[in-house]
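Q: Any chance you can model this:
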Amino acid sequence: MGKSMKPVAVRQYVCAGLLTLLSLGAHAQVDVLTQHNDNGRTGVNARETILTPANVNPARFGMLFKRTVDDQLYTQPLVVTGVNVDGGARDLVYVTTVNNSVYAFDANDSEAAAPLWHVNFGTPANVHSTDFGCLDINGKMGIIGTPVIDKARGVLYVVALTRVGAQDGPLSGYTQRLHALDLATGADMPESPVTIHAEGFHALMQNQRPALLLASGMVYVGYASHCDKEPYHGFLMAYDAKTLKLVNVLNTSPTGSEASIWQSGQGPAADEQGNVYVVTGNGSWDGVKNFSESFMKLTPRLQLLDWFTPTNHFELDKHDNDLDS
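A: Predicted structure coming up:
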């Protein structure tokens, strides 16, 4: 489902601390290409050799500079070192906002207040675009899930929810698109964007909350809801990273409803064999096709390999205590 979510940046600021200075300015070696650093979602930076409990203190650790953006961030900033920009190597920080904007900032130069580039995908949906019944997001909801970066190809993948026309029905007038952006310029790659679609998928109702995953040559896009407002399903979609062609779709409640892949914004995980792991929230369950409140292990092409559902599933579901929280 879509629970209350707190934005990462308050008052539309992106802040840079001493961590940026030490990890990027002096050594320029550590990239953050995906949410929580790796496809295991460990959050570990095993190459950190400078920061310690002794020097991370009020006297030596603090904000170096801040950048103004056009709205709130629900996504994790990503970092790429050595990006070739106008013939020179730059370390860049990439951030996205709920106003459907993507920014690239210099990671080291405190005087470089302006972004190297900024792109916007158009008018986003708003939490008041339909009667969701709660305020799980505070206002606009264009880009919610953390992007993912393929440094070797120089591409950033991101999903945006955009208003495309007048509403002639309660669920019409909106679309979600997967974009592949050039890291150096922000321009869409030749294959980009593609419209996200699947049977039972409604662009306005489906909340692209989980971070994107890049594994096995594919980009995985997961979906939850806003405030349990139906109709919605849990979806995980696999797109070819080079062509952006849809490879396969997993619907976690194809003959039922709900069972979202929310995960509090955490992305799907992948192991060394490329198997993909997700956890679902409340909804329909039969252990055959519908898998709410369950751990799911999937092949790279999203075929179900294994699953686990706790014995108190129906109690969890009754009280809306999502397993994937």
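
Q: CA-only coordinates of the longest helix along the chain, as CSV, when you get a sec.
A: Identified as the longest helix of the chain according to DSSP state H is helix 313-318. Provided in CSV are the C-alpha atoms of helix 313-318 (Å, rounded to 0.1, in the frame of the first residue of the first chain):
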residue,chain,number,x,y,z
HIS,A,313,-1.0,-13.5,7.5
PHE,A,314,-4.7,-12.9,8.0
GLU,A,315,-4.1,-11.1,11.3
LEU,A,316,-1.5,-8.9,9.6
ASP,A,317,-3.9,-8.2,6.7
LYS,A,318,-6.9,-7.5,9.0
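
Q: Next secondary structure element downstream of the lowest-mean-pLDDT helix or strand in the chain?
A: Lowest mean confidence among the helices and strands of the chain (mean pLDDT, DSSP states H and E): helix 18-20, at a mean of 43. For helix 18-20, the following helix or strand on the C-terminal side (DSSP states H and E) is strand 63-68.

Q: packing partners for the next helix or strand after that next one?
A: For strand 63-68, the following helix or strand on the C-terminal side (DSSP H and E) is strand 78-85. If you count contacts as 3 or more CB pairs under 8 Å, 6 or more residues apart in numbering; DSSP states H and E, strand 78-85 packs onto strand 88-96, strand 148-150. All C-beta atoms are positioned from the backbone trio N, CA, C, and that covers glycine.

Q: Would you format these as TSV with mean neighbour count included?
A: Shown next, in TSV, are the helices and strands packed on strand 78-85 (neighbours: other CB atoms under 10 Å):
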stretch	mean neighbour count
strand 88-96	21
strand 148-150	22
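
Q: Take these and write them to TSV, including distance to residue 34.
A: TSV is the format used below for the helices and strands packed on strand 78-85 (distance: least, CB to CB, whole Å):
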stretch	distance to residue 34
strand 88-96	12
strand 148-150	5
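
Q: if we can go back for a sec, any idea how far the longest helix of the chain is from the middle of the chain?
A: 27 Å (CA atoms, centre = their mean, to the nearest Å).

Q: circling back: turn the helices and strands packed on strand 78-85 into JSON lines, columns for distance to residue 177 and mean pLDDT.
A: Formatted as JSON lines, the helices and strands packed on strand 78-85 follow (distance: least, CB to CB, whole Å; pLDDT from 0 to 100):
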{"stretch": "strand 88-96", "distance to residue 177": "14", "mean pLDDT": "96"}
{"stretch": "strand 148-150", "distance to residue 177": "15", "mean pLDDT": "98"}
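
Q: Looking at the ones you listed, which is nearest to residue 142?
A: Ranking the helices and strands packed on strand 78-85 by proximity to residue 142 (CB to CB) places strand 88-96 first, at 8.4 Å.

Q: and that closest one, which strands flank it?
A: strand 78-85 (antiparallel), strand 101-106 (antiparallel) (DSSP bridges).

Q: so of those, which one's packed in deepest?
A: strand 101-106 (a mean of 24; mean count of other CB atoms under 10 Å).

Q: Which helix or strand lies directly C-terminal to that strand?
A: Using DSSP H and E, the helix or strand that follows strand 101-106 towards the C-terminus is strand 117-120.

Q: That following strand packs against which elements?
A: Using 3+ CB pairs under 8 Å, 6+ apart, strand 117-120 sits against strand 101-106.

Q: Provide the contact partners of the strand it packs on at residue level.
A: Counting by CB atoms under 8 Å, 6 or more residues apart in numbering, the neighbours of strand 101-106 from elsewhere in the structure are 14, 67, 69-71, 90-97, 112, 115-121, 142-143, 147, 156, 158, 181, 183, 186.

Q: so what's residue 244 up against?
A: With contact taken as CB under 8 Å, 6+ apart, residue 244 is in contact with 178, 180, 191-194, 219.

Q: Narrow these to those in strands?
A: Using DSSP state E, the members of the contacts of residue 244 that fall in strands are 178, 180, 194, 219.

Q: Can you pull the poorly scored residue ranges out of this structure?
A: Scanning the chain for pLDDT under 70 picks out the ranges 1-28, 166-171, 324-325.

Q: what residue of it is the furthest out?
A: For the chain, the largest distance from the centre (CA atoms, centre = their mean) belongs to residue 59, which lies 34.1 Å off.

Q: No more questions from me, cheers.
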